[in-house]
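take a look and give me a structure for this.
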Amino acid sequence: QLQLVESGGGLVQPGGSLRLSCAASGFTLDYYAIGWFRQAPGKEREGVSCISSSGAGTNYADSVKGRFTISRDNAKNTVYLQMNSLKPEDTGIYHCAGCVVAGLYMVGSWGQGTQVTVSS
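The predicted model follows:
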């Protein structure tokens, strides 16, 4: 079964950090650009970041530039999202999926997601 599994979410205070992981099961991530998308209650899905298959190209939403860093370890078949200086508005369910780097478009279906809550 082909799937992406997200982990690493949790409750954190404003200014804190989390690292999310997106692990592939049943296929290799090597050939795919993979991105992170989030959805908060009552809001539309938002593209957060995308990384090319080689890792050489990345893109970020303006709202997270300078705070979030996307990376990948193809040997571990995993993509990461390091989130620093978290804000309450970063709260939401974070999903990983295939993506197009330019424009932060999602391609295909996403995983179950991991909840991130930023609150004091």
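
sheet partners, orientation included, of the lowest-mean-pLDDT helix or strand in the chain?
Least confident helix or strand, the chain: strand 105-107 with a mean of 90, by mean pLDDT, DSSP states H and E. Next to strand 105-107 in the sheet, as set by DSSP bridges, lie strand 92-100 (antiparallel).

how about the partner strand: buried residues?
Neighbour counts using 16 or more other C-beta atoms under 10 Å place G92, I93, Y94, H95, C96, A97, G98, C99 of strand 92-100 among the buried residues. C-betas here are computed from N, CA, C, even on glycine.

farthest pair in these?
G92 and G98 (19.5 Å; C-beta to C-beta).

tell me the SS of the residue nearest to the spatial centre of the chain?
Compute the mean C-alpha point of the chain, and by C-alpha atoms, centre = their mean the closest residue is W36, 2.6 Å away. At W36 the chain is in strand, as set by DSSP: H, G, I helix; E, B strand; the rest coil.

that one: what's it in contact with?
Contacts here follow C-beta atoms under 8 Å, 6 or more residues apart in numbering; on that basis W36 touches L20, C22, G47, V48, S49, C50, I70, V79, L81, Y94, H95, C96.
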